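Engineer: got a structure for you, letters missing:
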């Protein structure tokens, strides 16, 4: 029989095979992008042996590209930006053109917990191997720059000798577990999550069963009523609550994250006792590993899976497939009373002693300063210090008689215990100085902005967050700041291309968490930034109602008032 000719007027339907989202649980094990391929070829944890036996001996040029820009992240190493490359070339040049022959190295500090011995070693490594660099991040870590691959084995040896590591500080891994920096000592604490954090670390970190995730996995645990770990923007968070029948425990949140597609985490409505936190953590990270989307990197975070599933299905899968038991329903956290959640200042501990929180400038310190902080903490406390999720630090266990001497010592290092709202509330990411993704400068810009605002509006005394980011990836949490500044290039009044920022206003964390408002076309050049912020804050002072916060004023202010 002859074939029937097709009607040329009838369009041919394109037949395509649905590739799925790359979920292992659906049988999609074939790598669907370059990252998935290099992870399948060799576990990122295995690169340490090559660093120690090959790369540190033969030098930078001997490093395999998939190790250099991939697996080395599993041990906290990123290539840094080559000096002199302007922001306009960030998205144009190939990675090898952007790479310098030096690394950023991130020291993992779960819960921000450090001894003075550990802090001193961090400071000494900074001075010997990192040209003095040592930035405190908004995830309680410390980051070095200018690290040579030849020096990495000795750095690891020194860190590990005092109980620190860089294991899975970066990469598609369970990153640092952030925690309340005053866990176990705060007088108002609901529950101390430290034992759960330690058990999670023992089970999960460095375990090959969890070292190949779709993308990074961010975690937070805090029993503080201040809600002091930005739980709303983590992949998983345990938030201290009191159950009316079962007592203190944790409320479970999942699916938070920022970057270019921000999502506020969602409550699963489950109460988790302290001794079950590690089990629930393992269940959630296993869901991410097995069901997370691996086809597209842009959809590979847990927040996209949660958005598609919803909280009810997510909880059901967690209970039925992983925990094999039902979770207990529980209450939401109470609204925090304090307007600052960074623990800066002098506060009494639950044992009658005090902790003292202080503010470096936008998280920037150096190795010499860190060793001096260690000396001060050792002389005035018990040898314990903490980092916070706002790029601040805390000295613990200070007696009342020692407070004045400690404060004076910190002030002499330009580490103020009573900072202005601008010093206290301004954060900045690494920026174009070292980051290959950045478009504009951040750290120096933030420090200069603090000085200008302190000079221009010295009477301003409201809590305020100003977060400065060098690119759209939101490492400095711009969407949830009172004033969030996203770096970009723009034209000034003379038509010249200059560094500038897109402005987000009125973001917030807390139980009223939300993303900042973007006023249509509102951008400001770096040079105009102090004038703009001064103008907006003075309008807020003029127009605010009694007790009104900046974020609340922004929601009702006119676009003209915000411009």
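Structural biologist: That came through fine. None of the values given here were measured: they were computed from a predicted structure.
Engineer: Flag every buried residue along stretch 249-262.
Structural biologist: Applying a neighbour-count criterion of 16 or more other C-beta atoms under 10 Å, the buried positions in stretch 249-262 are 249, 250, 251, 252, 253, 254, 255, 256, 257, 258, 259, 262. C-betas here are computed from N, CA, C, even on glycine.
Engineer: Relative to residue 294, how far out is the last one?
Structural biologist: Spelled out, that is residue 262. 21 Å (C-beta to C-beta, to the nearest Å).
Engineer: Spatially central residue for this protein, please.
Structural biologist: Taking C-alpha atoms, centre = their mean as the criterion, residue 139 is the residue nearest the geometric centre of the chain, at 4.3 Å.
Engineer: helix/strand/coil for it?
Structural biologist: Here residue 139 is recorded as coil under DSSP: H, G, I helix; E, B strand; the rest coil.
Engineer: Repeat that for residue 485.
Structural biologist: strand.
Engineer: Skipping its backbone neighbours, what lies nearest it in space?
Structural biologist: Using C-beta to C-beta, 6 or more residues apart in numbering and skipping the chain neighbours, the partner closest in space to residue 485 is residue 501 (3.9 Å).
Engineer: Given the helix or strand of the chain with the lowest mean pLDDT, what are its sheet partners and their directions?
Structural biologist: Least confident helix or strand of the chain, by mean pLDDT, DSSP states H and E, is strand 517-525 with a mean of 84. Here strand 517-525 is paired, per DSSP bridges, with strand 497-505 (antiparallel).
Engineer: buried stuff in the strand it pairs with?
Structural biologist: Residues of strand 497-505 classed as buried: 498, 499, 500, 501, 502, 503, 504, 505 (neighbour count, 16+ other C-beta under 10 Å).
Engineer: Out of these, flag the one nearest to residue 340.
Structural biologist: For the buried residues of strand 497-505, the minimum distance to residue 340 (C-beta to C-beta) is 19.5 Å, reached by residue 505.
Engineer: which residues touch that closest one?
Structural biologist: The contact partners of residue 505, by C-beta atoms under 8 Å, 6 or more residues apart in numbering, come to 482, 483, 484, 516, 517, 518, 519, 536, 554, 562.
Engineer: Tell me, how many residues neighbour residue 277?
Structural biologist: Residue 277 sits with 21 neighbouring residues when counted by other C-beta atoms under 10 Å.
Engineer: about what we covered before: which of the buried residues of stretch 249-262 sits closest to residue 366?
Structural biologist: Nearest to residue 366, judged by C-beta to C-beta, of the buried residues of stretch 249-262 is residue 258 at 28.1 Å.
Engineer: any idea how far residue 364 is from that closest one?
Structural biologist: Remark: distance between residue 258 and residue 364 (C-beta to C-beta) = 22 Å.
Engineer: what does residue 50 give?
Structural biologist: For residue 50, the distance to residue 364 (C-beta to C-beta) stands at 32 Å.
Engineer: Next secondary structure element downstream of the helix or strand where residue 102 lies?
Structural biologist: Residue 102 is part of strand 99-107 when elements are defined by DSSP states H and E. Tracing the chain past strand 99-107, the next element assigned as helix or strand by DSSP H and E is strand 113-115.
Engineer: Show me the contact partners of the following helix or strand past that next one.
Structural biologist: Next along the chain after strand 113-115, taking DSSP H and E as the criterion, comes helix 116-129. Counting by C-beta under 8 Å, 6+ apart, helix 116-129 makes contact with 107, 114, 132-134, 142, 144, 146-148, 151, 154-155, 158-159, 161-164, 366-371, 373-375, 377-378, 383-385, all of which sit outside it.
Engineer: buried set for helix 116-129?
Structural biologist: 116, 118, 119, 120, 121, 122, 123, 124, 125, 126, 127, 129.
Engineer: From these, pick the one nearest residue 37.
Structural biologist: For the buried residues of helix 116-129, the residue nearest residue 37 by C-beta to C-beta is residue 129; the value is 32.6 Å.
Engineer: Give me the distance between the closest one and residue 103.
Structural biologist: With distances taken as C-beta to C-beta, residue 129 is found 10 Å from residue 103.
Engineer: Overlap in contacts, the two.
Structural biologist: Listed contacts common to residue 129 and residue 103 are 147, 148; contacts here mean C-beta under 8 Å, 6+ apart.
Engineer: picking up where we left off before, what about the residue nearest to the centre of the chain? Give its phi and psi, please.
Structural biologist: Dihedral angles phi and psi of residue 139 (degrees, to the nearest 10) take the values phi -120, psi 30.
Engineer: Quick check, it in contact with residue 178.
Structural biologist: Yes - Residue 139 lies in contact with residue 178 (C-beta atoms under 8 Å); the separation is 5.5 Å.
Engineer: Tell me where the stretch 401-550 of the chain has helices.
Structural biologist: Taking DSSP state H, counting those that start in this stretch to define them, one finds helices in the stretch 401-550 of the chain at 403-412, 421-425, 443-456, 529-543, 550-556.
Engineer: who touches residue 46 in this structure?
Structural biologist: Contacts for residue 46 were tallied using C-beta under 8 Å, 6+ apart; they are residue 71.
Engineer: number of nearby residues for residue 370?
Structural biologist: 27.
Engineer: Hmm, I typed the wrong one, I wanted residue 171.
Structural biologist: 26.
Engineer: Equivalent analysis for residue 66, please.
Structural biologist: Under the criterion other C-beta under 10 Å, the count of neighbours that residue 66 has is 18.
Engineer: Doesn't it belong to a helix?
Structural biologist: Yes - if the criterion is three-state DSSP, then residue 66 is within a helix.
Engineer: Give me the distance between it and residue 457.
Structural biologist: Shown here: residue 66 relative to residue 457, a distance of 51 Å by C-beta to C-beta.
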